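Engineer: pasting the structure only:
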Ligand SMILES: Nc1ncnc2c1ncn2[C@@H]1O[C@H](COP(=O)(O)OP(=O)(O)O)[C@@H](O)[C@H]1O
Ligand SMILES: [Mg+2]
């Protein structure tokens, strides 16, 4: 019954870029987003995963009413972001990572208090929330520090508190952990998960180009590259879809004449490959069902072969990305820097 | 939580005023304040006085002198309030990088910008007061406290400040669309209007084809009303607006202020729409 927290329909955004001095009158067009259709339910922690330049920030800017779409439509909390920003804005908040914004001449508390007032929060309630949230991200002792005296990382934390402070229906975080050290990133991820778990009505959309972050944190992930959503599902489903087979690697003692073909002939074994090694062999298995492992092991022990180790190979989102895009996210970013 | 709309207007204004004051009164160094709010306006008034003295052979008894001196003094408000409102766009977008967060927040951006100008009115008032005081004490600008038309003065001042704030909003709207070279726009406009609004010389001095610009500007009538409220018939002796009674001038000021106000509101809507279309709300100049 409740409307989707976020919905986009055939959303597209084109940037017109003026050429450089030489080709001043040449107008280029760049499709930062093409045909994006996503539906995010209330209560979801949704991740947009993609390399730099994929269009993540562009999508967030459209959803937060800062940027008009070129084609298609987008809705947040049931309202059209282009035509009804006055209904969208009270229900959302947004934080961009990797920048240091804020009024340097104000203290951390003053910066945050000011924004709480823009959202019409009662002053006392706001002050309490500010104190609580600052403690949660480890900034409790800096509350009266001028924000110009904070490091970039701490300023980013202050900004993140600004986003959570107003308790929006839908919160947008654009690369929230960009540039933060390991510990700070962990604090922020904790805050994100905790905030969502506290109230099932809250929805959060974050963008990241860190695989692990998307995989660990998000209920669902959309993989986006060059403005297009290539896949959208929970990390586990995405990984399962990658390849039906279940992969095992077994290290054994010498094989006593057992052939790969003999193992492949066992039921539910898709492929088997054997590599001879100095002190034994490496058996790589692709199984249709995990239960097929039992007969394989029996076949080995029947030949008096000892199993030295057994590893199940887990797919990561990285594998999913590579399969969809054709190269890893790191390579994609390297490529875009070279341009 | 959603009792937002009723108070959105007031909230935007109140908090913006608070922020504006924090920024304006952030004189880490009192010396800086003295230089900015006192020395600078007095210095530019002195330049004017010296030039006047040379040209008229030190004829400070001529009614032209208070005309010029007061016009220049009150013109400080134009740079302060009009410039202050439009400067807030640049300041928030380029310097503090908060304009996008203001946009995402449930506030009325035009009201927010106007609020940011209020603090400039307060600091500007210090400069105006000191400049006029110096004129009375050292240069015999003929202001007699008992002869001041206080109701006319305060009413004109109030309407003028609102008018200047709306002109600031007009400039601020345009500033939204100017990503490069937008730093000088407020100063440029304030400088140009200095010549077209009868601040330091009567409009008759202008070429005939430029005079309509001056007559279309509410600032022209506003400055005249302030002069008349302070020095009465001395200012009335001047040809430009001598044919208008105080009430005439007041009516014209109100009508033009309302017209510019409406223009500013529509300009803001249009520029705001264009800025969102072109992705300029959070655009930072790259040097
Ligand atoms: N204001 C703009 N004008 C022109 N091109 C832009 C603008 N903003 C972003 N782009 C381009 O659009 C593409 C997507 O950018 P962005 O949404 O910032 O990606 P991401 O956040 O995933 O790194 C990039 O190629 C970027 O260069
Ligand atoms: Mg980005």
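Structural biologist: Structure's in. What do you need? Remember, predicted model here, so these are calculated numbers, not experimental data. Ligands and ions are numbered 1, 2, ... in the order given.
Engineer: tell me the contacts of the closest residue to residue B:81 other than its chain neighbours?
Structural biologist: Setting aside the residues directly before and after it, residue B:81 is nearest to residue B:164 in space (Cβ to Cβ, 6 or more residues apart in numbering or on different chains), at 4.1 Å. No exception for glycine: its C-beta is placed from N, CA and C like everyone else's. Listed by Cβ atoms under 8 Å, 6 or more residues apart in numbering or on different chains, the contact set of residue B:164 reads B:77, B:78, B:81, B:82, B:117, B:219.
Engineer: how does it look with 10 Å?
Structural biologist: B:77-85, B:117, B:120-121, B:124, B:190, B:218-219, B:222, B:257, B:260 (Cβ atoms under 10 Å, 6 or more residues apart in numbering or on different chains).
Engineer: how many residues are close by whichever residue of the stretch 151-300 of chain A sits closest to ligand 1?
Structural biologist: Nearest residue of the stretch 151-300 of chain A to ligand 1: residue A:207, at 6.4 Å (Cβ to the nearest ligand atom). By the criterion of other Cβ atoms under 10 Å in any protein chain shown, residue A:207 has 27 neighbours.
Engineer: which helix or strand contains it?
Structural biologist: Element membership for residue A:207 (DSSP states H and E) is strand A:203-208.
Engineer: get me the contact residues on the stretch 151-287 of chain B for ligand 1.
Structural biologist: Contact residues, the stretch 151-287 of chain B versus ligand 1 (Cβ under 6 Å from any ligand atom): residue B:279.
Engineer: re earlier: restricted to strands, list the contacts of residue B:164.
Structural biologist: Taking DSSP state E, every one of the contacts of residue B:164 sits outside strands.
Engineer: among these, which lie within helices?
Structural biologist: B:77, B:83-85, B:117, B:120-121, B:124, B:190, B:218-219, B:222, B:257, B:260 (DSSP state H).
Engineer: just those: which has the poorest pLDDT?
Structural biologist: Least confident entry in the ones in helices among the contacts of residue B:164, by pLDDT: residue B:190, with 87.
Engineer: dump the residue contacts of that one.
Structural biologist: B:75, B:78, B:79, B:80, B:82, B:83, B:86, B:164, B:167, B:168, B:171, B:219.
Engineer: one more time with 8 Å, if that's ok
Structural biologist: Residue B:190 makes contact with B:78, B:79, B:82, B:83, according to Cβ under 8 Å, 6+ apart.
Engineer: cool, residue A:145 as well?
Structural biologist: By Cβ under 8 Å, 6+ apart, the contact set of residue A:145 is A:107, A:108.
Engineer: just to revisit the earlier point, does the residue nearest to residue B:81 belong to a helix, a strand or coil?
Structural biologist: helix (DSSP: H, G, I helix; E, B strand; the rest coil).
Engineer: could I get the pLDDT score of it?
Structural biologist: 96.
Engineer: residue A:93 - that's part of a helix, no?
Structural biologist: No - read with three-state DSSP, residue A:93 is strand and lies in no helix.
Engineer: using the three-state scheme, assign the residue lying closest to it once chain neighbours are set aside.
Structural biologist: Among residues not flanking residue A:93 along the chain, residue A:168 sits closest, at 4.2 Å (Cβ to Cβ, 6+ apart). Following three-state DSSP, the label given to residue A:168 is coil.
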